[in-house]
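Student: quick one: sequence plus predicted model below, questions after.
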Amino acid sequence: MGRRARNKQGMPPSLEEFQKKPAKKETKRKAVPEEKPVKKTAKRAKKAVEEEEYEDPKDLPEVDLEELSAAKKSLFDDDEEEDLQGFEQLDDDEDDDLQDEFVDSDEEDRERPMFSDDDSDDMDAINAANMEEYSKKLDEEALQEQQDAEDELLEESMKNPRAKVLPTEQEEEEMKTGGSDLTMVRTRMLEVVKVLEDFKNLAEEGRSRTEYMDRLISDICEYFGYTPFLAEKLFNLFSPSEAIEFFEANEIHRPVSIRTNTLMTRRRELAQTLVNKGVNLQPIGTWTKVGLQIFDSQVPIGATPEYLAGHYILQAASSFLPVMALDPQENERVLDMAAAPGGKTTYISALMKNTGCVFANDANKARTKSLIANIHRLGCTNTVVCNYDAREFPKVIGGFDRVLLDAPCSGTGVIAKDQNVKVNRTEKDFIQIPHLQKQLLLSAIDSVDSHSATGGVIVYSTCSVAVDENEAVVDYALRKRPNVKLVDTGLAIGKPAFTSYRGKHFNQKLSLARRYYPHAYNVDGFFVAKFQKIAASPHDVSKAGAKEKELAADAEAAEESLIHNDFAEFDDEADTEIMKESIKRSLKKKGVNPNSVDIDKKLRKSNRQNGTKIRFQTFLKVLEQRLTSSDKHVFHHLVAIVSRKSSFSRKSAQKSVFRKLYNARLVNTSNRRLEHDFRDSDPLNVDMDLVLLMLVFWVEIAWTSQKPMDQRVAPVVLSL
Ligand SMILES: C[S@@+](CC[C@H](N)C(=O)[O-])C[C@H]1O[C@@H](n2cnc3c(N)ncnc32)[C@H](O)[C@@H]1O
């Protein structure tokens, strides 16, 4: 069997199949409780993990180490081919493994805020966690009691279907002043979820769905410590009950895993050596031949002679996935665009058996040190390290067989590792980071040789679960580069990515990309998409560097409704100029020479007649305050249409749309003349579609601001 074929994964079992599998035989070494952690509270699930993961050695029966070694050895006796066969026919136990045995590590070295690996940090964390877990074990009974009490309370409240789950105004006040009892908050969250799932039967009369949702988001913020912005963003990805599972999973550390460096050793040899040193481990599910899950260890796992000799690397299981999807072949030329600290580069190098050439690039020079260190330690000799802004590619060098873009991201998939994400991420991050990701992905695509005999592949991955950083980025790339198509990742696990999300529709092929969630697979949240480049494009020979791309992307982004940080850049002067232009046009249309008229005077008169002092800037401020991001999206959509339909610059188009909205806002039934002006002063003579879109926009504002806008909108409709 050829290498490529051997590397191909079997068809993924469905999620249902995964979930229906009977529980795996319990072993004392199992780190994750048999029950899915998501069925427990954050604390309780964590407790269960602690109990099993850090079982007090004193409580264990005496074990003959030789026997243990022999038993462990048998775990790795299957040769690689058998592993593969098993992989193609996932059995029940293995499926269950998949849920339990994914691990984190290398992502810790991701640069903050980009989330990075650092093996030694990882180990410190593990050892510290062990001690903490041991001491927490003493609290077990108390915690269990508390849990039982909570469950009882919940059960009781559920008996009364129309129980008053939401706090009264007075209770709200008390909560504000006296703080909340977290147990109560948690119980209420679960109750609200139940109500939301059967709103018709369980909701209190007179209470709206929004009230329940708002309460739930507030409680999530309070209980788990998220900002309302991020809580809502993440909440929207799931059903209410699954959202709680996700938030709870973020309170639990993923298990620790290592990847065998096949340039140096084989997995079963490594496992045997480590077991002999007192490391308690098990292979990660059948989907990987190189991963080992570590349950506990009598030696520091990041400082064993084998570690120092490069026989393994601490690496999150989810980090294997993009490289497996990339499927690098021997003797190829591969680019790892954002490579530091090298968890994925070294895996690529190993899969290529140190043949061909891997360009490992990272924009952060400091981080290339750890990249170089890992490359050396793991004995990768086919690797060139470089330090460019990856948007410089393919100007630096192009024509690669494969490119991996493990993009810098917001890290919403690895909150369990970095709790700061809960409070640090802002709306701006979810505009700026995707903006960079899009530019990087286009560069990745342009750096691949579409005529590659073996490859022509691009893999895009992030450790974020946000749609803006995943589906939206991939969809953008598909639109901008019709010479690529999405293909199957070949990965055995993962949920299909979204093809539509909250009113946005993406390329249908996005269902081929994969999403990973901590609560679903006990791995870091991750996203993997695989492209095949089917033809060359003019961009492939582009000599544009990062700066040029940034400028081009800014312009494109405005068209794509992405950037609105220049939202309030209009000034009175510009405002006046536009109005003057409009008056001149109007005069011309009437056959009057504009030069024969005092335009300033006419403008003043017009302003007086309009009785308005609202200027663009004021209007922008109002918009900023009142628009949700989806409203802004509509606005930018309008701008994009106007600039496409005209030769106007983006700025002029923005002004024009504002002019429309501005004027439309003044129209009312008693002012027919203004209606007329509104149409006459239209500098673009925009078509009906645009006006209708504007109305949609206005209706959205009305909806958002909860104020009736019909009075303003209706006459515009009438005037069409
Ligand atoms: C998610 S981490 C990469 C982790 C790495 N692939 C691994 O597996 O070890 C993202 C990396 O992107 C790098 N980065 C950020 N902006 C970049 C850019 N414009 N060009 C290249 N690298 C960039 C960061 O320095 C960071 O190391």
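Tutor: Cool, the structure landed. Numbers count the residues shown, from 1 in each chain.
Student: tally up the residues packed near the residue nearest to Gly456 when sequence neighbours are not counted, please.
Tutor: The shortest distance from Gly456 to any non-neighbouring residue, by CB to CB, 6 or more residues apart in numbering, is to Lys533 (4.5 Å). C-beta coordinates here come from the backbone N, C-alpha and C atoms, glycine included. Using other CB atoms under 10 Å as the criterion, Lys533 is surrounded by 26 other residues.
Student: wait, isn't Lys533 in contact with Pro482?
Tutor: No - here Lys533 lies out of contact with Pro482, judged by CB atoms under 8 Å, at a distance of 11.0 Å.
Student: what is in contact with these two at once?
Tutor: The contact sets of Lys533 and Pro482 do not overlap (CB atoms under 8 Å, 6 or more residues apart in numbering).
Student: list the contacts for Phe238?
Tutor: 245-246.
Student: the strand or helix carrying Thr345: what's the following helix or strand?
Tutor: Thr345 is part of helix 343-351 when elements are defined by DSSP states H and E. Using DSSP H and E, the helix or strand that follows helix 343-351 in sequence is strand 357-361.
Student: which is the succeeding secondary structure element to that next one?
Tutor: helix 365-377.
Student: quick one: buried residues of stretch 537-546?
Tutor: Judged by neighbour count using 16 or more other CB atoms under 10 Å, the buried positions of stretch 537-546 are 537, 539-540, 542, 544, 546.
Student: repeat that for stretch 241-257.
Tutor: Those would be 242-257, for stretch 241-257 by 16+ other CB under 10 Å.
Student: just those residues: which has the poorest pLDDT?
Tutor: Across the buried residues of stretch 241-257, no position has a lower pLDDT than Pro255, which has 89.
Student: need the strands for the stretch 451-600 of the chain, in chain order.
Tutor: With strands called from DSSP state E, counting those that start in this stretch, the stretch 451-600 of the chain shows them at 457-462, 484-487, 495-496, 500-501, 504-505, 514-516, 526-533.
Student: tell me where the model's unsure across the stretch 551-700 of the chain.
Tutor: For the stretch 551-700 of the chain, the stretches flagged by pLDDT under 70 are 555-579, 582, 606-700.
Student: go with 50
Tutor: Within the stretch 551-700 of the chain, the ranges that satisfy pLDDT under 50 run 561-571, 609-628, 630-631, 662, 664-689.
Student: OK, now which residue of it is nearest to the ligand?
Tutor: Ala553 (11.9 Å; CB to the nearest ligand atom).
Student: quick check: which of the strands of the stretch 451-600 of the chain is nearest to Lys601?
Tutor: strand 504-505 (47.7 Å; CB to CB).
Student: run through the bridge partners of Ile258.
Tutor: Leu292, Leu314 (DSSP bridges).
Student: OK, contacts around it?
Tutor: Taking CB under 8 Å, 6+ apart, one finds 103, 105, 291-292, 294, 301, 312-315 in contact with Ile258.
Student: if you set the cut-off to 10 Å instead, what comes out?
Tutor: Ile258 makes contact with 103, 105-106, 119, 267, 270-271, 274, 279, 281, 284, 290-294, 301-302, 306-307, 311-315, 317 under the criterion CB atoms under 10 Å, 6 or more residues apart in numbering.
Student: would you write a ChimeraX line that selects the buried entries of those residues?
Tutor: A single ChimeraX command selects the buried members of those (16+ other CB under 10 Å):
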select :103,105,106,119,267,270,271,274,279,281,284,290,291,292,293,294,301,302,306,307,311,312,313,314,315,317
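Student: ranges for the strands of the stretch 101-250 of the chain?
Tutor: Remark: strands assigned in the stretch 101-250 of the chain by DSSP E, counting those that start in this stretch are 110-111, 115-116.
Student: which one of the ones you listed has the poorest average confidence?
Tutor: Among the strands of the stretch 101-250 of the chain, strand 115-116 has the lowest mean pLDDT, at a mean of 30.
Student: can I get stretch 407-417 as PDB, trimmed to CA atoms?
Tutor: Presented in PDB, the C-alpha positions along stretch 407-417 are these (Å, rounded to 0.1, in the frame of the first residue of the first chain):
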ATOM      1  CA  ALA A 407      -3.500  30.500  12.000                       C
ATOM      2  CA  PRO A 408      -3.100  32.900  14.900                       C
ATOM      3  CA  CYS A 409      -6.500  33.000  16.500                       C
ATOM      4  CA  SER A 410      -8.600  34.200  19.500                       C
ATOM      5  CA  GLY A 411      -8.200  30.900  21.300                       C
ATOM      6  CA  THR A 412     -11.800  30.300  22.100                       C
ATOM      7  CA  GLY A 413     -11.200  26.600  21.700                       C
ATOM      8  CA  VAL A 414      -8.600  26.500  24.500                       C
ATOM      9  CA  ILE A 415     -10.300  28.400  27.300                       C
ATOM     10  CA  ALA A 416      -9.500  25.500  29.600                       C
ATOM     11  CA  LYS A 417      -5.800  26.300  29.200                       C
END
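Student: got the contact list for Gly545?
Tutor: Gly545 is in contact with 388-389, 391-393, 395-396, counting by CB under 10 Å, 6+ apart.
Student: which members of those residues additionally contact the ligand?
Tutor: 389, 391 (CB under 6 Å from any ligand atom).
Student: most neighbours, which of the contacts of Gly545?
Tutor: For the contacts of Gly545, the largest number of neighbours (other CB under 10 Å) sits with Phe393, at 27 neighbours.
Student: all good on my end, thank you.
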